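Colleague: turn this into a structure:
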Amino acid sequence: MFLAVGRRVRDETFCIFDPTDAGDVIEFGNTRLVERSVIPINVEWLAEHREFLRATIAAIHRPIPGNPFGTKFSSTVQFGTSIPNDRRNELIEAHLADLPEGAFYLAYPPSIWDGVRRGRDRRETKVVASGKAVPFDEEVGSNGYVKIPAPAPSFRNATRHYASARWVNLISVGDLQQRPDPATVYPSNLWSPEYPRLGTSRELRIGREGWVLQQEHDIGYSLLELQDGRASIIGWL
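Modeller: Numbering: from 1, shown residues only. The predicted structure follows:
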């Protein structure tokens, strides 16, 4: 395995978790959403990966170029929540204890969904995620826009307090025949959301699953302005 190290203040995040535990696997997936570089390690295989882990952390821990204070790069080590604290401490002592101070920091899994614990409308029950698929076959208009359906959830204003409701529409793009050479595949823009600007919404994300539009108002449709292949490459560069 080849790794390019030392590019950021915290260059690598090592997720040590139990792959047989569903909660740990979900936490690993959530971590990949918010951290740029994540390396998974099976907690049962940590002994076999000990030298790799130590060597990578040591290689990253070097002075940041141009920093006058001697600040060094560091790594992050994150344990799955299924691993008891006593066992975490034992693993750290056995495999990471004598690394230089500041070479790595312990982190908790990211809190993607924080429960609201104040006010009279706080939720004490589980949040149920739901989804709905809506197929569509639309033509691109003369102005370059295509109008596609935008389904909305039924929970809008469920409390009747007119609070903001937000959801996402995931667009899985197939072959487009209405325009010559349409661009349907883009690199992920998770860290550079300003491009591409394909929709009227400012919150467009490109990921593995497709194009994600973040919604707040239910108007029944979304508008997308498609690009041809040449324009998309020029815009990206």
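Colleague: I'd like the next helix or strand past the lengthiest strand in the chain.
Modeller: Using DSSP state E, we find that the single longest strand of the chain is strand 10-17. The helix or strand immediately downstream of strand 10-17 is helix 22-34, counting by DSSP states H and E.
Colleague: and that next one with strand 10-17, angle?
Modeller: 170 degrees (axes from the mean of the first three to the mean of the last three C-alpha atoms, to 10 degrees).
Colleague: other residues contacting helix 22-34?
Modeller: 13, 15, 17-19, 38, 40, 78, 80-83, 109-110, 112, 190 (C-beta atoms under 8 Å, 6 or more residues apart in numbering). No exception for glycine: its C-beta is placed from N, CA and C like everyone else's.
Colleague: pop the domain breakdown of this structure in here.
Modeller: Following automatic domain parsing, one gets these domains for the chain: 10-107, 133-237.
Colleague: what's the spacing between the last one and its chain's center?
Modeller: Right, the one you point to is domain 133-237. Its chain's C-alpha centre and that of domain 133-237 lie 18 Å apart, by C-alpha atoms, centre = their mean, to the nearest Å.
Colleague: can I have the buried ones of the contacts of helix 22-34 as a ChimeraX selection?
Modeller: In ChimeraX, a selection of the buried entries from the contacts of helix 22-34 looks like this (16 or more other C-beta atoms under 10 Å):
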select :13,15,17,18,38,78,80,82,83,109
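Colleague: got the contact list for residue 236?
Modeller: Contacts of residue 236 (C-beta under 8 Å, 6+ apart): 186-187, 195-196.
Colleague: what does residue 183 give?
Modeller: Taking C-beta under 8 Å, 6+ apart, we find residue 183 in contact with 226-229, 231-232.
Colleague: what about stretch 137-154, how long is it end to end?
Modeller: Using C-alpha to C-alpha, to the nearest Å, the end-to-end distance of stretch 137-154 comes to 24 Å.
Colleague: buried residues, it. List them.
Modeller: Buried positions in stretch 137-154, judged by neighbour count with 16+ other C-beta under 10 Å: 140, 145-146, 148, 150, 152.
Colleague: tell me the one among the residues you listed nearest to residue 210.
Modeller: Top of the list for closeness to residue 210, among these and by C-beta to C-beta, is residue 148 at 12.1 Å.
Colleague: quick one: the closest one and residue 138 touch, right?
Modeller: Yes. Using C-beta atoms under 8 Å, residue 148 is in contact with residue 138, at 5.7 Å.
Colleague: burial measure for residue 232, as a count.
Modeller: 20 (other C-beta atoms under 10 Å).
Colleague: name the nearest residue to it, sequence neighbours excluded.
Modeller: Nearest residue to residue 232, sequence neighbours excluded (C-beta to C-beta, 6 or more residues apart in numbering): residue 183, at 3.7 Å.
Colleague: re earlier: give me the buried entries from the contacts of residue 183.
Modeller: Taking 16+ other C-beta under 10 Å as the criterion, what is buried in the contacts of residue 183 is 226-227, 232.
Colleague: quickly note the distance from the spatially most central residue of the chain to residue 49.
Modeller: In the chain, the centroid-proximal residue (C-alpha atoms, centre = their mean) is residue 33; its distance is 1.6 Å. Residue 33 is 23 Å from residue 49, where distance means C-beta to C-beta, to the nearest Å.
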